[in-house]
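>>> Provided below are the primary sequence and the corresponding predicted coordinates.
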Amino acid sequence: MLLQFTVENYKSFNEPTTFSMSATGIRELPKHVIDGKSPALRGAAIYGKNAAGKSNLVLAMGFARDLIVRPATVGRRIATTPCRLRTDNNRVSSFRWFFQYKGRIWQYGFSVEAKGVVEEYLYARNEKGGKELKWFTRETVDNEVQVSFGQTLRGPAHGKRAKRLELIRSNIRKRPEQLFLPFAIENSVEELITPYEWFTDVLVVKRAENTYSDMLWEVNDDSFLGFLGEFLKFADTEIHRLQRTLVALKWDSVFPSGFPSEA
């Protein structure tokens with residue numbers, strides 16, 4: 001469950017900007033809140049005038065997720081897009097996630113520039129409370145990558161896990177373009193599977209240009225179709241309801257040549 005996402009110096013976002021799913025103390029709509037030690041909203045909407053940055057927030061989420069889940073090519077430059085309104089000539093873009101998953105509240109973030117990762121960190125605490133503990137930090141000082149492990153990840157000082165982490169730490173120094181979290185997963189650090197899994201299996205970022213095929217099954221759900229119709233009516237779109245009708249189609253006469261068959 002996403003709790004917060006913060007972006008800084010990326011596209012139209014100059015200063016740190018946070019999208020939060022954390023619930024406030026208002027209790028007028030209790031069904032809209034997931035109770036717990038860190039109560040969160042079941043849904044949220046972003047609205048604003050054209051060119052206000054709504055799409056750029058989704059692009060920032062997608063860009064950050066892609067850096068985590070897609071393999072990095074050795075020696076590549078990171079295709080970040082710093083804010084052009086920045087006056088300090090800082091080319092570093094920063095992203096931070098707070099999310100609740102499998103009994104913990106995780107904080108994972110990183111800062112990148114075109115030539116590589118500048119900073120990266122992972123902290124977590126029990127979702128029922130307790131102190132936030134460090135899992136690892138990574139920073140670049142004088143062009144040298146430095147990685148530090150917390151006790152929750154390091155384990156016994158002379159165990160097999162500690163030796164494996166030391167080897168990975170040595171190798172990541174040669175890979176400035178690579179985030180440590182996916183690199184550790186590639187090198188079988190099972191202790192980090194849970195936070196990595198949230199990005200690969202739970203977080204879904206739908207950009208405006210994405211295809212609609214993944215959502216077609218929901219249209220066959222009467223309750224969802226009714227909800228969608230009521231929402232469009234409430235939003236004053238002049239659409240009052242949605243219905244589906246089955247018709248026989250002659251494919252070649254309806255769809256242009258080369259139309260994707262999966263759609």
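Received, thanks. Residues are numbered from 1 along each chain as shown.

>>> which stretches of this protein form helices?
Secondary structure of the chain, counting by DSSP state H: helices at 54-69, 151-154, 160-172, 180-186, 193-197, 216-219, 222-234, 251-254.

>>> What lies in contact with the second one?
Outside of helix 151-154, the residues that reach it under the criterion Cβ atoms under 8 Å, 6 or more residues apart in numbering are 124, 133, 134, 135, 136, 161, 162, 165, 189, 191, 192. Placement of C-beta: from N, CA and C, glycine included.

>>> which of the residues you listed count as buried?
Those of the contacts of helix 151-154 that meet the buried threshold are 124, 134, 135, 136, 161, 165, 189, 192, by 16 or more other Cβ atoms under 10 Å.

>>> Does the third one touch residue 192 like I think?
Yes - counting by Cβ atoms under 8 Å, residue 192 is a contact partner of residue 135 at 7.4 Å.

>>> Please enumerate the shared neighbours of the two.
122, 153.

>>> and of the contacts of helix 151-154, the nearest to residue 176?
residue 136 (16.4 Å; Cβ to Cβ).

>>> What's the per-residue pLDDT of residue 158 here?
Looking at residue 158, its pLDDT reads 56.

>>> Kindly report the same for the one 10 residues further on.
Per-residue confidence (pLDDT) for residue 168: 89.

>>> Compute the number of surrounding residues for it.
19 (other Cβ atoms under 10 Å).

>>> now residue 159
The number of residues packed near residue 159 is 11, by other Cβ under 10 Å.

>>> From residue 135, how far out is it?
Noted for residue 159: a distance of 16 Å to residue 135, by Cβ to Cβ, to the nearest Å.

>>> before we move on, what about residue 249?
Distance from residue 249 to residue 135, by Cβ to Cβ: 53 Å.

>>> and what of residue 22?
22 Å.

>>> Equivalent analysis for residue 121, please.
When distance is defined by Cβ to Cβ, residue 121 is 8 Å away from residue 135.

>>> swap in residue 92?
The value you get for residue 92 to residue 135, if Cβ to Cβ is used, is 22 Å.

>>> How about residue 65?
Taking Cβ to Cβ, one finds residue 65 at 19 Å from residue 135.

>>> Residue ranges in the stretch 1-150 of the chain under the pLDDT threshold?
36-37 (pLDDT under 70).

>>> Can you show me the strands along it?
According to DSSP state E, counting those that start in this stretch, the stretch 1-150 of the chain carries its strands in the segments 2-8, 17-20, 33-34, 40-41, 93-101, 104-113, 116-126, 133-141, 144-149.

>>> That'll do, ta.
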